[in-house]
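Q: Here is the input, now give the coordinates:
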Amino acid sequence: MDRRERRGDAVEALRVAIEGSLAETWTSVVGIVQSFDASKQTCTVQPAIRSRVQAADGSYSWAALPLLLDCPVHFPKGGGVSLTFPVSKGDECLVVLADRCIDAWWQSGGIQNQADIRMHDLSDGFAFVGFSSVPSVIAGISASGAELRNDAGTTKVAVNKNGTVNVLAAGNITLTSGAATFQLTPAGGINMVAPGGFFINGQAYINHTHNGVQPGGGNSGGVNT
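A: Numbers count the residues shown, from 1 in each chain. Just a heads-up that it's a prediction; the model follows:
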C-alpha cells in the first residue's frame, strides 16, 4: 500500500488512485524483435524496459516484462503498392498498444466485435520497426535526399532534392522486365562507362560488326571506329 493512502487528505488519495490507474495503462513501449513470422507479418517482441515490482515486504526489484506475441509489423502500403523490408532478431522497434482488443480484426479483417473487453493491454501491440538507440544508429544519413539503402551504405538508391537519382551497388545490378520492351527515354544522351565491357545477349557490343555490307564483301568497322 502507498503510505500516502493512509493520510486523511482526499486530494492526495485521489492523486494516488490516478497514479495507480495510469501505471496499469499502456500506450507504447520500446522493444527488441525476438522473431519474425513472414507468413503472418507479425513479430514477437521483448520490451526493452523493465518494470519496478514491489514485494510483500515493501522492497522493490526490477523484472522483465513478458514477451509481446503476434505483433502486426507495419509496412508502408496503400493503393495496391507497398514497401517491405526484412525484419530480423535484434531489430529495435516501438510497439504501439491499441486502445481496445484487436484479436477479431487481426484474424478476420473488416469491422468486428471486440473478442475481449480489455483496454490499453500489452496483448494488442503493433510493431513499428526502425527506431534506433544510440549504439545502433545508422551512419552516414544523407542530408540531400531520400535513400533506400543497406545499413552499411554500400548499396543504395538515392532520390535527391536537386532532381538527380543515384544508384550505388556493392554487387550486381539486375533489371528484369516482364514486358516485351525495355525502354530508356533520356532527354539528353546516354553516357556509359564499362571498363569490363558491354554485352548484349552475351555478345561484346564494343567489338560488334556487320557482315554482308555492300559494296564489297567485308565486314563493317566496329562501333568504336
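Q: For Asn166, which residues are in contact?
A: Under the criterion of Cβ atoms under 8 Å, 6 or more residues apart in numbering, the neighbours of Asn166 are Lys156, Val157, Ala158, Asn160. From N, CA and C alone the C-beta is placed, and that goes for glycine too.
Q: Make sure it is indeed in a strand.
A: Yes: secondary structure assignment (DSSP: H, G, I helix; E, B strand; the rest coil) places Asn166 inside a strand.
Q: I'd like to know which of the contacts of Asn166 is nearest to Leu122.
A: Minimum separation from Leu122 among the contacts of Asn166 (Cβ to Cβ) is found for Lys156, which lies at 36.6 Å.
Q: neighbours around the closest one, how many?
A: When neighbours are counted by other Cβ atoms under 10 Å, Lys156 registers 17.
Q: So what does Asp103 have for phi and psi?
A: When read as degrees, to the nearest 10, the backbone of Asp103 gives phi -60, psi -50.
Q: Can you name the residues that contact Leu175?
A: Counting by Cβ under 8 Å, 6+ apart, Leu175 makes contact with Phe182.
Q: hang on, it in a strand?
A: No: with three-state DSSP as the criterion, Leu175 is assigned coil and is not in a strand.
Q: distance of it from Gln46?
A: Separation of Leu175 from Gln46 (Cβ to Cβ, to the nearest Å): 40 Å.
Q: do the same with Cys101
A: Separation of Cys101 from Gln46 (Cβ to Cβ): 22 Å.
Q: Please name the residues that touch Lys177.
A: In this structure residue 177 is Ser, not Lys. So Ser177 contacts nothing (Cβ under 8 Å, 6+ apart).
Q: quick one: it from Val81, how far?
A: Separation of Ser177 from Val81 (Cβ to Cβ) stands at 18 Å.
Q: that's a strand at Asn172, yeah?
A: No: counting by three-state DSSP, Asn172 is not part of a strand but coil.
Q: give me the number of residues near it?
A: The burial metric for Asn172, expressed as a neighbour count using other Cβ under 10 Å, is 5.
Q: and if you look at Val87?
A: Burial of Val87 is recorded as 20 neighbouring residues (other Cβ under 10 Å).
Q: tell me which residues of the helix or strand harbouring Ala17 are tucked away?
A: Element membership of Ala17, judged by DSSP states H and E, is helix 10-23. By neighbour count on 16 or more other Cβ atoms under 10 Å, the buried set for helix 10-23 is Val16.
Q: Understood, closing this out.
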